[in-house]
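Chemist: what would the 3D arrangement of this be:
(chains A and B)
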Number of protein chains: 2
Amino acid sequence: MNADRARHSHVILLHYPILNRKGEVVTTAVTNLDIHDISRACATYGISSYHIVTPIKLQQDLVRKILGHWKEGWGKTNNPVRAEAFVTTHIASSLEEAASSIAAMEGTPPLLVGTSARTMDIGAFSFADLRENDRPVALVFGTGWGIAPQAKSAFDGFLPPVRGPVEYNHLSVRSAVSIVLDRYLGLREE
Amino acid sequence: MNADRARHSHVILLHYPILNRKGEVVTTAVTNLDIHDISRACATYGISSYHIVTPIKLQQDLVRKILGHWKEGWGKTNNPVRAEAFVTTHIASSLEEAASSIAAMEGTPPLLVGTSARTMDIGAFSFADLRENDRPVALVFGTGWGIAPQAKSAFDGFLPPVRGPVEYNHLSVRSAVSIVLDRYLGLREE
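Modeler: Model (predicted):
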């Protein structure tokens, strides 16, 4: 059942190490919409936890402040349905720290599964592979121009790129997370 | 072929008539991310045109200014790949005006297909219905708490709500557009 699968599935959003448009490794800025849209998508697909990763202390504080507003502050009273989406949203300073938190929740390390708009030359997983495996799954998404190659060795494998019917392929990370969760866990009637 | 299908498919984003959280009919504000994320998703899925609908003149001017930056200004020079996503993005003052623009492009009125997080009590389309029909298709998305019932009579039918495996169902419109386009036109390997 996809709901059981979702209870052992996690999402990690990386802001470092990330490529910029020129192919340099950078730390990207956390955006408010990455917190909101991705928390809401994770809640809709029953994801167990969502980890926003940034090494920058000021950005971690910003995310904590926004989460506090929704978990304990005015947001919770004013819009409880929206607030519910943030219950499982966390902050971490590195990919390793996020993976350790998930391992602590699950009692076993998760399968660390990368996503990319490009085909990666390391072990590939299909969505069916993910649904059928018996380990917890952490889906990792990059911001900017994608996860830097230096981080690749941390992964057990990558999902194939999400593609439409044309060559152009520049989805926002918010769109990419939503589509990947739907392909992985969405209910389909057709 | 989905690429041919996409060439006769269009997206409309409504900011009026929209329900707010209390069930009142309102005009919502256009957000910068609704322009960006949805233009990028439309470009990735080969959608022929994307229409942002607001009756508010100041908001129309704001959207025109942002589109101008990308279609002709600094954005086009600085980030041509991103700029490409905005080529087919338009502004309209009403659902009727957007539908008329699409009819003029296609030479025939499109099938007007609504989307909603709730099941609507008018004619329902499946994604397979849309792919197999021979008329152009305009997919209409609401902002806020969704398309107001008063607009329902304009539609030929609605798609079923996008659902994950749990009860919670509060996707952002950016997520909803991305997932609907992927279910309708995405390339699937599994």
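Chemist: going by C-alpha atoms from here, please, whenever you check contacts or count neighbours.
Modeler: Fine.
Chemist: what's the first helix or strand after the helix or strand bottoming out on mean pLDDT in chain A?
Modeler: Counting by mean pLDDT, DSSP states H and E, the weakest-scoring helix or strand in chain A turns out to be helix A:74-78, with a mean of 84. Later in the chain than helix A:74-78, the nearest helix or strand by DSSP states H and E is helix A:80-84.
Chemist: what is the helix or strand that that following helix is followed by packed up against?
Modeler: Heading C-terminal from helix A:80-84, the first helix or strand you meet, by DSSP H and E, is strand A:89-92. Counting contacts by 3 or more Cα pairs under 8 Å, 6 or more residues apart in numbering or on different chains; DSSP states H and E, strand A:89-92 packs against strand A:49-53, helix A:57-71.
Chemist: could you dump those to TSV with distance to chain B and mean neighbour count?
Modeler: Listed next are the helices and strands packed on strand A:89-92 as TSV, based on distance: least, Cα to the nearest Cα, whole Å; neighbours: other Cα atoms under 10 Å in any protein chain shown:
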stretch	distance to chain B	mean neighbour count
strand A:49-53	14	26
helix A:57-71	15	16
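Chemist: in terms of mean pLDDT, which of those ranks lowest?
Modeler: Lowest mean pLDDT within those: helix A:57-71, at a mean of 93.
Chemist: A:His69 is in contact with A:Thr77, isn't it?
Modeler: No. Counting by Cα atoms under 8 Å, A:His69 does not reach A:Thr77; the two are 9.7 Å apart.
Chemist: tally of neighbours for the nearest residue to A:Gln59 once chain neighbours are set aside?
Modeler: Of all residues not flanking A:Gln59 in the chain, A:Val30 sits nearest, at 6.7 Å (Cα to Cα, 6 or more residues apart in numbering or on different chains). For A:Val30, the count of nearby residues is 20 (other Cα atoms under 10 Å in any protein chain shown).
Chemist: who are the contact partners of A:Val30?
Modeler: A:Val30 is in contact with A:His15, A:Thr54, A:Gln59, A:Val63, counting by Cα atoms under 8 Å, 6 or more residues apart in numbering or on different chains.
Chemist: A:Ser93 now?
Modeler: If you count contacts by Cα under 8 Å, 6+ apart, then A:Ser93 has A:Val53, A:Thr54, A:Pro55, A:Ile56, A:Gln60 around it.
Chemist: rerun that using 6 Å as the cut-off
Modeler: A:Val53, A:Thr54, A:Pro55 (Cα atoms under 6 Å, 6 or more residues apart in numbering or on different chains).
Chemist: tell me the one of these nearest B:Ile147?
Modeler: Distance ranking of the contacts of A:Ser93 against B:Ile147, using Cα to Cα, places A:Val53 first at 35.2 Å.
Chemist: tell me what that closest one is bridged to.
Modeler: A:Leu14, A:Ala92 (DSSP bridges).
Chemist: look up how far B:Lys76 lies from it.
Modeler: 31 Å (Cα to Cα, to the nearest Å).
Chemist: next: A:Ser172.
Modeler: 18 Å.
Chemist: same question, A:Leu139
Modeler: For A:Leu139, the distance to B:Lys76 - Cα to Cα - is 33 Å.
Chemist: okay, the two: which has more neighbours?
Modeler: A:Leu139 (23 against 17).
Chemist: which residues sit in contact with that one?
Modeler: Applying Cα under 6 Å, 6+ apart, the residues near A:Leu139 are A:Val11, A:Val113.
Chemist: shouldn't A:Leu181 be within a helix?
Modeler: Yes. A:Leu181: assigned to a helix according to DSSP: H, G, I helix; E, B strand; the rest coil.
Chemist: model confidence for the nearest residue to it once chain neighbours are set aside, exactly?
Modeler: Take A:Leu181 and drop its neighbours on the chain: the residue closest to it by Cα to Cα, 6+ apart is A:Tyr45, 6.6 Å away. Listed pLDDT for A:Tyr45 reads 97.
Chemist: these two touch, right, A:Tyr45 and B:Gly164?
Modeler: Yes. When contacts are counted by Cα atoms under 6 Å, A:Tyr45 is listed as touching B:Gly164 (4.4 Å).
Chemist: how close does A:Arg82 sit to chain B?
Modeler: With distances taken as Cα to the nearest Cα, to the nearest Å, A:Arg82 is found 8 Å from chain B.
Chemist: what's around that residue, how many residues?
Modeler: With other Cα under 10 Å as criterion, A:Arg82 counts 18.
Chemist: got it, and A:Thr89?
Modeler: 24.
Chemist: ok, it touching A:Val53?
Modeler: No. Taking contacts as Cα under 6 Å, A:Thr89 lies outside contact range of A:Val53: 11.0 Å.
Chemist: which residues of chain A lie near chain B?
Modeler: A:2-3, A:37, A:40-41, A:44-46, A:163-166, A:168-169, A:171-172, A:175, A:178-179, A:186-187 (Cα under 6 Å from any Cα of the partner chain).
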